[in-house]
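*Asks:* mind looking at a prediction? Sequence and model below.
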Amino acid sequence: MTLPIPQEWLEPLAVGLDEVEDAAAEFGPRVQIESRLPDHRLLLTALRSPARLAASTVLTIRVDALRLAAQDAVNMKLTALLGIALALSACGGATTVASNAEALARGATVKTLDAGQLGSLPTGPVYIRMIRFAQPAGYVINSKQHVASVIYVETGVHRLILNGQPPIDLTAGQAIFHQSVAHTHLNPGPDPSVWYSIAIWSSSARGVPLVDPIARAAFESDDIVRDSLPQVAYSQVLRQVTLTKSGTSGAHRFGGLAAFYVLSGAVTFKIAHRPSVTLSLGDGVAVLPDVPLQEVNAGPGQAVYLEFITTAVGKNFEVTLQQPPAA
């Protein structure tokens, strides 16, 4: 018989046509390919959660015109995915997991501010640090070379000069990722500027004096052991999320290390297997990779916060979940 696979068990992956057909041939009649996209690529719906499928189940690879997943998924091996699915199919009859309306996003706007790539992370334990600068007009900070970081401007104008390159002017709400090079921070005026330097640092840097007297550590995470952070290349993304009154991000998980910092309002962070925490202006929290979470506006008006996500190349950036995170 052929059983439909519930949507909440599925995850779209962009996979090459030849690889799909080879795998289908290997597993024989228990795998069916329904259709092909015009560009000769396939959208594979692969098992994401354990499904109890009868031994006689035919696993159907359904292809449609949905948006392809991120390019990192192209490297996933279909044969391995089907092997896992077939091993699970001996467990018994199929079950259905219903979506929970509380897990759905509503009233949330996500804006990607900037992104970049790291060749690797610092060795040993690391931590996330967000340094806040309240910089008067005309004030100059000459910074030595340090870890790659993201500059985010909250108010005013910020001028960044990287290793003698032409200056880059950023205004409120803008951000830029920059690599580890010597650089200068200048407020060209006429108003004061508030901006942040956001980065992952070696834990050995704790206690080292900050670059300038006007610098203040706005948020520092606990030390993070490297078990969940392999020594590979990483992408870093800074996003700004706005929640309307009673809005929520919906249930999701990031494939990478995530840090959150509240710019306005109040936000409750529901994190799997941890007590919920409500943060207000100037508060932050860090979440390890692959941990389910959900952000909910906890104030009477709009809430705005930053997401700083560092993801190992080859992992999913973000996955939408069908159930709220379990406390």
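*Replies:* Structure received.

*Asks:* and residue 165, how far from residue 184?
*Replies:* 10 Å (CB to CB, to the nearest Å). C-beta here means a position set from N, CA and C on the backbone, and glycine is covered the same way.

*Asks:* right, I mislabeled it, should have said residue 249
*Replies:* Using CB to CB, residue 249 is found at 36 Å from residue 184.

*Asks:* okay, buried residues for stretch 163-172 please.
*Replies:* Judged by neighbour count using 16 or more other CB atoms under 10 Å, the buried positions of stretch 163-172 are residue 170.

*Asks:* gap between the two ends of it?
*Replies:* Chord length of stretch 163-172, first to last residue, is 23 Å (CA to CA, to the nearest Å).

*Asks:* over to stretch 200-214?
*Replies:* End-to-end distance of stretch 200-214 (CA to CA): 20 Å.

*Asks:* touching it from outside, list them.
*Replies:* Contact partners of stretch 200-214, identified using CB atoms under 8 Å, 6 or more residues apart in numbering, comprise 121-129, 131, 133-135, 139, 141, 143-144, 147, 216-217, 220, 223, 236, 257, 310.

*Asks:* and that stretch, what's buried?
*Replies:* 200, 201, 202, 211, 212.

*Asks:* find the nearest non-adjacent residue to the second one, please.
*Replies:* When you say that, I think you mean residue 201. What sits nearest to residue 201 in space, not counting adjacent residues and going by CB to CB, 6 or more residues apart in numbering, is residue 129, at 5.4 Å.

*Asks:* how close does the one you found sit to residue 199?
*Replies:* For residue 129, the distance to residue 199 - CB to CB - is 6 Å.

*Asks:* look at these two and report which has more neighbours.
*Replies:* Neighbours were counted for residue 129 and for residue 199 using other CB atoms under 10 Å; residue 199 has more, 26 against 23.

*Asks:* confidence score at the more buried one?
*Replies:* Note for residue 199: predicted pLDDT of 97.

*Asks:* in which helix or strand would I find it?
*Replies:* strand 193-202 (DSSP states H and E).

*Asks:* in the sheet, which strands lie alongside that strand, parallel or antiparallel?
*Replies:* Strand 193-202 pairs in its sheet with strand 126-135 (antiparallel), strand 149-155 (antiparallel), by DSSP bridges.

*Asks:* isn't the residue nearest to residue 201 right up against residue 216?
*Replies:* No: using CB atoms under 8 Å, residue 129 is not in contact with residue 216, being 11.0 Å away.

*Asks:* picking up where we left off before, and the next helix or strand past the strand holding residue 199?
*Replies:* Sequence order places strand 215-220 as the next helix or strand after strand 193-202, per DSSP H and E.

*Asks:* and that following strand, what's buried?
*Replies:* 215, 218, 219, 220.

*Asks:* and the last one, what does it touch?
*Replies:* So the one you mean is residue 220. Counting by CB under 8 Å, 6+ apart, residue 220 has contacts 127, 128, 129, 130, 206.

*Asks:* farthest-separated two in the residues you listed?
*Replies:* 130 and 206 (14.1 Å; CB to CB).

*Asks:* how about low-confidence regions in the stretch 51-200 of the chain?
*Replies:* 51-98, 145 (pLDDT under 70).

*Asks:* on that earlier part again, the more surrounded of residue 249 and residue 184?
*Replies:* residue 249 (23 against 15).

*Asks:* count of neighbours near the closest residue to residue 184 other than its chain neighbours?
*Replies:* Here the nearest residue to residue 184 in space, its sequence neighbours aside, is residue 161; by CB to CB, 6+ apart that works out to 4.3 Å. For residue 161, the count of nearby residues is 16 (other CB under 10 Å).

*Asks:* just confirm residue 161 contacts residue 183, I think it does.
*Replies:* Yes: under the criterion of CB under 8 Å, residue 161 makes contact with residue 183 at 6.2 Å.

*Asks:* measure stretch 198-215 end to end?
*Replies:* 12 Å.

*Asks:* do the same with stretch 212-221
*Replies:* So stretch 212-221: terminal residues 21 Å apart, CA to CA.

*Asks:* thinking again about what came up before, what is the orientation angle of the strand holding residue 199 with strand 215-220?
*Replies:* 60 degrees (axes from the mean of the first three to the mean of the last three CA atoms, to 10 degrees).

*Asks:* could you list the buried residues of stretch 119-127?
*Replies:* Neighbour counts over stretch 119-127 (16+ other CB under 10 Å) mark 121, 122, 126, 127 as buried.

*Asks:* what of stretch 271-281?
*Replies:* Across stretch 271-281, burial judged by 16+ other CB under 10 Å covers 271, 272, 279.

*Asks:* just the residues contacting it, thanks.
*Replies:* For stretch 271-281, contacts defined as CB under 8 Å, 6+ apart pick out 260, 262-270, 285, 287, 291-293, 298-299, 305, 325-327.

*Asks:* so which of these are in strands?
*Replies:* Mapping those onto strands (DSSP state E) picks out 260, 262-264, 266-270, 285, 287, 293, 305.

*Asks:* distance to residue 315 for those residues - can I get that in TSV?
*Replies:* Listed next are these as TSV, based on distance: CB to CB, whole Å:
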residue	distance to residue 315
260	19
262	26
263	27
264	31
266	31
267	25
268	27
269	21
270	22
285	21
287	15
293	16
305	23
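
*Asks:* noted, bye for now.
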